[in-house]
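Student: got a structure for you, letters missing:
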Ligand SMILES: Cc1ncc(COP(=O)(O)O)c(C=O)c1O
């Protein structure tokens, strides 16, 4: 593929009928060589460079025009509030190639609403939901050939980011903000079926404070959780479970996913607490569980209750459901579900979500948005 041909195509793709001045395309010497090398069956969950990202700047009280930018680098003021004071929010959602050939976003508006909630909590200007979805549609469209094809079970992962990009020395909100969305193709996490993991409770580490920012997707939450996740990984546990930060008696959530459990009599249970991030995936699963006439309980879940569950899982956008068949805390070990594979209820819920995302099951909830 010739370089100049690609650049020309970007200019055409990204204006989408708008005034040409609205969609400036910044060129760089990033070529599509990487795209040529993508083997869909070998994609994991790592950053793969794509053609471009979309970017907006907030100044003087309003969002400016979009810029499609080829370079994955962001020039920024060295005193930007995001760099020093963590004034930064992000989201993670996916676009799927569906059975009918169309590319669709999954629950984009819901992610947009959570993004706005996060922005408000750390004094950043909200990105209106319409702008959020519009930006995503444009950047996905511009990178449509990076969407893993139907049948590969991969997806285009979408990462909206909002940061204080203006300078401040004192701890105050910035006066300039940058909103950008980049995309990167990701593979099927479970090419040979859902497989369970063991989780560790790392005592002495909390993800969030009781009245802090655990309920929103502020970037610093993830820095705060890295140490616990590193400790768990070093002991052979792929994920770690956080208990409530006040008493350490109740289950909260895993490092980057919500806790869900199924009782022996078929109830769907998930913890409710002020410092848990409200997972869009969990909301999807609760909706589907209720449709299956399963009682859904969002409530406090005491650590002592865990041995009573017949299936436990971690849920989130990245993998939908990871079965968790063993949870360790000190010398206590809780086991749930089958040793191999996944329990029947979580498997059924997982299959329903995948079916809807791929357009194989009718979307009766309006969760999909065409690109
Ligand atoms: C802390 C935390 N909990 C839960 C989730 C799952 O949320 P969602 O289903 O919206 O991806 C995520 C991922 O975004 C997360 O980072």
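Tutor: Perfect, thanks for sending it. Quick caveat: nothing in here was measured; it's all calculated off a predicted structure. Numbers count the residues shown, from 1 in each chain.

Student: Excluding covalently adjacent residues, which one is nearest to the residue nearest the centre of the chain?
Tutor: For the chain, the residue nearest the mean C-alpha position is residue 92 (2.7 Å; Cα atoms, centre = their mean). Counting by Cβ to Cβ, 6 or more residues apart in numbering, residue 92 lies nearest to residue 317, which is 5.1 Å off, once chain neighbours are set aside. For every residue, glycine as well, the C-beta is placed using N, CA and C.

Student: cool, and residue 286?
Tutor: Nearest to residue 286 is residue 296, by Cβ to Cβ, 6+ apart, at 4.8 Å.

Student: Also residue 347?
Tutor: Using Cβ to Cβ, 6+ apart, the nearest residue to residue 347 is residue 194, at 6.6 Å.

Student: in which helix or strand would I find the one you found?
Tutor: Using DSSP states H and E, residue 194 is not contained in any helix or strand.

Student: does it really touch residue 344, like I thought?
Tutor: No. Look at residue 194 against residue 344 with Cβ atoms under 8 Å: they stay out of range, at 11.5 Å.

Student: low-confidence ranges in the protein?
Tutor: When residues are selected by pLDDT under 70, those of the chain lie in 1-36.

Student: Any idea what the closest residue in space to residue 53 that isn't next to it in sequence is bridged to?
Tutor: Nearest residue to residue 53, sequence neighbours excluded (Cβ to Cβ, 6+ apart): residue 182, at 3.9 Å. Applying DSSP bridges to residue 182 gives these bridge partners: residue 159.

Student: Kindly report the same for residue 198.
Tutor: In this entry, residue 198 is beta-bridged to residue 326, by DSSP bridges.

Student: roughly how far apart are it and residue 286?
Tutor: 25 Å (Cβ to Cβ, to the nearest Å).

Student: quick one: which of those two has more around it?
Tutor: residue 286 (20 against 17; other Cβ atoms under 10 Å).

Student: May I have the secondary structure class of the more buried one?
Tutor: Classification of residue 286 by DSSP: H, G, I helix; E, B strand; the rest coil places it in helix.

Student: what about stretch 224-233, near the ligand?
Tutor: No. Counting by Cβ under 6 Å from any ligand atom, the ligand has no neighbours in stretch 224-233; the shortest distance is 7.6 Å.

Student: follow-up on the earlier one: test my guess that the residue nearest to residue 92 contacts residue 284.
Tutor: No. Applying Cβ under 8 Å as the test, residue 317 and residue 284 come out as separate, 9.7 Å apart.

Student: re the thing from before, tell me the contacts of the residue nearest to the centre of the chain?
Tutor: Going by Cβ atoms under 8 Å, 6 or more residues apart in numbering, residue 92 touches 111, 157-159, 317-318.

Student: swap in residue 222?
Tutor: Residues in contact with residue 222 (Cβ under 8 Å, 6+ apart) are residue 256.

Student: How about residue 287?
Tutor: Taking Cβ under 8 Å, 6+ apart, we find residue 287 in contact with residue 365.

Student: Compute the distance between it and residue 349, please.
Tutor: Residue 287 is 10 Å from residue 349, where distance means Cβ to Cβ.

Student: Show me which residues of this structure are close to the ligand?
Tutor: Applying Cβ under 6 Å from any ligand atom, we find that the chain lies next to the ligand at 92, 253, 256-258, 277, 279-282, 316-317.

Student: which ones among those are found in strands?
Tutor: For the residues of the chain next to the ligand, the ones inside strands are 253, 257-258, 316, with DSSP state E as the criterion.

Student: Emit the ChimeraX select command for whichever of these are buried.
Tutor: Buried subset of these, written as a ChimeraX selection, criterion 16 or more other Cβ atoms under 10 Å:
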select :253,257,258,316
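
Student: before we move on, the earlier item: neighbours around the residue nearest to residue 286, how many?
Tutor: When neighbours are counted by other Cβ under 10 Å, residue 296 comes out with 15.

Student: same check, this time on residue 217
Tutor: As a burial measure, residue 217 scores 24 neighbours (other Cβ under 10 Å).

Student: what's the answer for the one 10 residues further on, then?
Tutor: Taking other Cβ under 10 Å as the criterion, the count of residues near residue 227 is 13.

Student: Return the set of buried residues in the helix or strand in which it is found.
Tutor: Here residue 227, judged by DSSP H and E, is contained in helix 220-234. Judged by neighbour count (16+ other Cβ under 10 Å), helix 220-234 contains these buried residues: 220-221, 224-225, 228-229, 231-232.

Student: Closest one to the ligand out of those residues, please.
Tutor: residue 221 (6.7 Å; Cβ to the nearest ligand atom).

Student: The closest one touches residue 215, doesn't it?
Tutor: No. Taking contacts as Cβ under 8 Å, residue 221 lies outside contact range of residue 215: 9.6 Å.

Student: Find residues that contact each of the two.
Tutor: Listed as contacting both residue 221 and residue 215 by Cβ under 8 Å, 6+ apart are 208, 277.

Student: Pull out the buried positions in the one helix or strand residue 163 maps to.
Tutor: Element membership for residue 163 (DSSP H and E) is strand 155-164. Burial within strand 155-164, assessed by neighbour count using 16+ other Cβ under 10 Å, is assigned to 155-158, 160-164.

Student: What separation is there between the residue nearest to residue 343 when sequence neighbours are not counted and residue 137?
Tutor: The shortest distance from residue 343 to any non-neighbouring residue, by Cβ to Cβ, 6+ apart, is to residue 311 (3.5 Å). According to Cβ to Cβ, residue 311 stands 36 Å off from residue 137.
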